[in-house]
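# Structure for this input, please:
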Amino acid sequence: MSSGHERELVLQFYQYFDQRRVEQALAMLAPEFVAHMAGLPAPLDKTGFTDFGLAFYNAFTHGQHRFVEIVVQADRVVTCGTFSARHTGTFQGLPATGRDIEIAVMHIDRVKDGTIVEHWGQGDAQGLMQQLGILFFPGPGLLVDAIKQQMGGGSR
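Got it, this is the predicted structure:
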């Protein structure tokens with residue numbers, strides 16, 4: 001497979017995700033697929049990555065990847081840019097806010113035999129939380145209290 005094919009395959013994967021054609025996107029992942037996600041303690045297999053992706057997919061609609069840099073080196077495709085969407089569903093326990101978000105993202109996808117076999121993903125999690133109205137405070141329990149305060153529930 002030429003580097004042009006790897007590039008197009010990876011870009012098609014993100015386009016399918018943005019178009020909410022999740023079955024077609026997931027079909028592009030190899031059975032032995034593994035994902036290394038920033039902030040997670042261990043890599044995810046295809047099932048774990050699917051669950052993670054669907055949780056995000058179901059919480060954020062109108063998703064759009066915009067890549068400003070695409071680098072292809074051998075079997076790896078690096079994509080850097082932004083992801084924007086609207087928070088319309090529950091995400092990690094936070095009810096929908098209706099807010100629009102835009103976060104910086106960087107991915108490295110490894111392609112083999114016409115499928116994506118490995119993924120490294122980095123997204124601006126702190127920026128996402130700030131855009132959803134969650135502020136981080138030091139100390140145990142303060143984050144939960146802050147969320148309850150913001151949602152009108154008082155402290156615990």
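# Show me the helices in this protein, by range?
For the chain, applying DSSP state H gives helices covering 3-18, 22-26, 46-59, 125-131, 142-150.
# If you count neighbours, what's buried in the third one?
This points to helix 46-59. Judged by neighbour count (16 or more other CB atoms under 10 Å), helix 46-59 contains these buried residues: 46, 48-50, 53, 56-57, 59. Backbone N, C-alpha and C define where each C-beta goes, glycine included.
# and that helix, what does it pack onto?
helix 22-26, strand 29-37 (3 or more CB pairs under 8 Å, 6 or more residues apart in numbering; DSSP states H and E).
# need these in a markdown table with mean neighbour count, mean pLDDT and distance to Asp109, can you?
Shown next, in a markdown table, are the helices and strands packed on helix 46-59 (neighbours: other CB atoms under 10 Å; pLDDT from 0 to 100; distance: least, CB to CB, whole Å):
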| stretch | mean neighbour count | mean pLDDT | distance to Asp109 |
| --- | --- | --- | --- |
| helix 22-26 | 15 | 94 | 12 |
| strand 29-37 | 16 | 97 | 10 |
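# Tabulate these (a markdown table), appending distance to His65.
Listed next are those as a markdown table, based on distance: least, CB to CB, whole Å:
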| stretch | distance to His65 |
| --- | --- |
| helix 22-26 | 12 |
| strand 29-37 | 16 |
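# circling back: out of the buried residues of helix 46-59, flag the one nearest to Leu132.
Comparing the buried residues of helix 46-59 against Leu132 with CB to CB places Ala59 closest, at 9.9 Å.
# residues touching the closest one, list them.
87-91, 96 (CB atoms under 8 Å, 6 or more residues apart in numbering).
# Repeat that for Ala27.
Applying CB under 8 Å, 6+ apart, no residues contact Ala27.
# quick one: it from Val77, how far?
With distances taken as CB to CB, to the nearest Å, Ala27 is found 18 Å from Val77.
# Gln131 is nearest to which of the helices and strands packed on helix 46-59?
strand 29-37 (19.4 Å).
# Show me what that closest one is packed up against.
Checking 3+ CB pairs under 8 Å, 6+ apart, strand 29-37 ends up next to strand 44-45, helix 46-59, strand 115-123.
# Run through who's touching it.
With CB under 8 Å, 6+ apart, strand 29-37 has contacts from 43-46, 48-49, 52, 112-113, 115-121.
# I am finished for the moment; much appreciated.
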